[in-house]
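Visitor: Need a 3D model of the sequence below.
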Amino acid sequence: MEADGRKIILANNVNEAEVLLKTHLYRIVIVDLNIPAVGDAKSYLQEKGAIYDRFGGLYLAELARNMGHRGRQVVVYSVHESREIEDFSNRIGFTYITKGCQRMLKQEIDSILSYDPTERK
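Guide: You can find the predicted model right below:
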């Protein structure tokens with residue numbers, strides 16, 4: 001994506017990602033399901049519920065949706081193939097892709113980036 005002139009911003013944990021999501025809207029948000037949480041964020045996710053404690057990426061996907069990202073702009077990428085995660089993604093409204101499906105991930109990214117919500121036709 002950087003070769004296309006796009007800027008990539010990385011977060012190493014839930015705490016960093018939360019700050020970014022609360023201060024900017026992005027063309028696409030790709031979240032690893034198992035992104036680690038540290039300190040206060042870890043405690044918060046434990047209080048929020050077992051699924052958030054196990055999978056910090058779900059909290060970030062939900063946060064991205066609540067902060068104004070359209071469902072199709074939010075992608076959770078994971079090694080876990082789980083009906084529970086799939087159901088959660090359908091309820092919250094984001095795309096869930098398992099690792100090992102790189103072609104599917106690339107197609108999803110290309111599809112998302114091909115639509116510019118700021119363009120007027």
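
Visitor: list the contacts for Arg6?
Guide: Contacts for Arg6 (C-beta atoms under 8 Å, 6 or more residues apart in numbering) come out as Arg27, Leu113. For every residue, glycine as well, the C-beta is placed using N, CA and C.

Visitor: quick one: average confidence on the longest helix that the chain contains?
Guide: Across the chain, the longest stretch assigned as helix under DSSP state H is helix 102-114. Helix 102-114 shows a mean pLDDT of 84.

Visitor: wait, what's in contact with the residue most central in space within the chain?
Guide: Geometric centre of the chain, nearest residue: Val31, 3.4 Å, by C-alpha atoms, centre = their mean. By C-beta under 8 Å, 6+ apart, the contact set of Val31 is Ala17, Gly57, Leu60, Ala61, Ala64, Val74, Val75, Val76, Tyr77.

Visitor: swap in Phe55?
Guide: Here Phe55 is in contact with Leu33, Asn34, Ser78, His80, Ile85 (C-beta under 8 Å, 6+ apart).

Visitor: In strands, which of the residues you listed fall?
Guide: Those of the contacts of Phe55 mapping onto strands are Ser78, per DSSP state E.
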